[in-house]
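**Q** Sequence first, then the predicted structure, then my questions.
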Amino acid sequence: MRPFEYLAPKDLDEACSLLSKHRDEAKILSGGQSLVALLRQRLVSPAYVIDIRRVPGLDYIREDKDGLSIGALTTHRTVETSPAVAKRFPMLAEAEHRLAHRQVRNWGTIGGNLSHADPGGDLAPSLIALGAVIKVVSAKGKRTVPVAEFFTDYLVTVLEPDEILVEVAIPYLKAGSGGAYHKESIRAGDRPIAAVAAVVSLDGKAGVIKSARIALGGVGLTPLEAKEAGKSLAGKKATAGVVLEAGAIAAREAQPTADVEGSVEYKRHIVGLLTRDMLNLALTRAQSK
Amino acid sequence: MKMPLQFRVNGEDYEVYVEPWKTLLEVLRDELELTGTKAGCLAGECGTCTVIVDGKAVKSCLMLAPQAAGREIMTVEGLAQGGKLHPLQQAFIDHFAFQCGFCTPGMLMSSKALLDENPHPTADDVKEGLYGNFCRCTGYVKILEAVLAAGAKPRG
């Protein structure tokens, strides 16, 4: 690692003011499960590392009136084992369960995971499909960004150099809605060959799909939403045919590159199959709610 | 520039002066000379650097040393008490759960954290708890047997 100055702000205000002073010369450290590896490989060499791991008030899972709020410093393990997450969003607990491995989940945080913006990250697809929003703060103020609009390029987000991610807020699913997520990978905690999250809402008794959101992981420069696939389902009766067609559309919307996990054709094929399977599982869950 | 770092390791208080860009692994091995914790891939993949921090298994190669300040660390050197091996260590011997031994410190610490949380794990629990630890010799079966045996014993 190249030398840097280590700064440990005592609260969020101090963290924001340090970051507004050092901006691009600084990196925020929370669990470091991505950042420390990047530092070691000298892919990043910041002059300042601002460690927010002990900043109080950012480690929580709160069941609010309209949704679940998760503080940025909440570890993956806490999310994975949270009864509130299991009850409200089983797909998110399932995603966490296969994120890397126990040691990484014990120390890594959701804020660090999302800010790192790995296109194969395990949380983003579910959060996009669920319509979650990210709350960020800076010395100047605060704003919210839908997770679907948070990622802009490979390892790049909409965060300004002075902004810190502080919370993820996930709206509760309405009755008649359900979601599912699966990562296809060589070993359970590996990077995805492809990952698909699907959330559907049904229209009462008619068995008609009111709306659907589908998001993909590991098949592009960022996690991405398969918008056309989601739209293709709106207003349709939930038949095997429309689900299969949505899978074919999602496979076209994926933007995979060939690598050790597979060829472009193979990854598109997996996206199609997973989209079908996750839609079917989400529909089953929606019907039981 | 070096900064003071105070923490507890295996029940003893330490104060060392470290450069903040060192990892916990480097401080344990180079400053405290606790070389039981191994440096393997240095990328968070292999698990041989696993130590227990405040009761949780973590990879010391991915933890920046200043983050250990004020925390309670346990390394493989802290397992045996009063010249007596920890039941997990004895189980690893009894079940031939190592060959070259390089992964063993990490395997033991992940297993310790697992049994502390879940004293009587199933085979699936052990596989899940040790998923982040690689062994290139044994094929894992003997390790699984050792941890299950240690977990089956009544623990005081």
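**A** Received, thanks. Numbers count the residues shown, from 1 in each chain, chains lettered A, B, ... in the order given.
**Q** middle-most residue in the chain, spatially?
**A** Here I'm looking at chain A. Among the residues of chain A, the one closest to the centroid is A:A124, at 1.6 Å (Cα atoms, centre = their mean).
**Q** hm, I was asking about chain B
**A** In chain B, the C-alpha nearest the mean C-alpha coordinate belongs to B:M109, at 2.9 Å (Cα atoms, centre = their mean).
**Q** Am I right that that residue is in a strand?
**A** No: with DSSP: H, G, I helix; E, B strand; the rest coil as the criterion, B:M109 is assigned helix and is not in a strand.
**Q** if we can go back for a sec, gap between the closest residue to the residue nearest to the centre of chain A other than its chain neighbours and A:G71?
**A** In space, A:A124 comes closest to A:P223 once its chain neighbours are excluded; the distance is 3.6 Å by Cβ to Cβ, 6 or more residues apart in numbering or on different chains. Every residue, glycine included, has its C-beta placed from N, CA and C. For A:P223, the distance to A:G71 equals 21 Å [Cβ to Cβ, to the nearest Å].
**Q** neighbour count winner among these two?
**A** Neighbours per residue (other Cβ atoms under 10 Å in any protein chain shown) separate A:P223 from A:G71, with A:P223 holding more: 29 against 19.
**Q** Next one, pLDDT for that one please.
**A** Per-residue confidence for A:P223 comes out at a pLDDT of 98.
**Q** check contacts around it.
**A** Contacts of A:P223 were listed using Cβ atoms under 8 Å, 6 or more residues apart in numbering or on different chains, and they are A:P119, A:G121, A:A124, A:P125, A:I128, A:F151, A:A215, A:L216, A:G217.
**Q** Need those residues in CSV (columns: pLDDT).
**A** Shown next, in CSV, are these (pLDDT from 0 to 100):
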residue, pLDDT
A:P119, 97
A:G121, 96
A:A124, 98
A:P125, 98
A:I128, 98
A:F151, 98
A:A215, 98
A:L216, 98
A:G217, 98
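**Q** Of those residues, select the buried ones using a PyMOL command.
**A** Here is the PyMOL command that selects the buried residues among the contacts of A:P223 (16 or more other Cβ atoms under 10 Å in any protein chain shown):
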select buried, chain A and resi 119+121+124+125+128+151+215+216+217
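**Q** Chain B: which of the contacts of A:P223 is nearest?
**A** Nearest to chain B among the contacts of A:P223, counting by Cβ to the nearest Cβ, is A:G121 at 14.8 Å.
**Q** Please report how far the closest one lies from A:T257.
**A** Taking Cβ to Cβ as the measure, A:G121 and A:T257 are separated by 16 Å.
**Q** Residues of chain B that sit close to chain A?
**A** Proximity of chain B to chain A, by Cβ under 8 Å from any Cβ of the partner chain, involves residues B:1, B:3, B:19-23, B:42-44, B:47, B:50, B:53, B:56-59, B:61-64, B:66-67, B:110, B:113, B:128-129, B:131-132.
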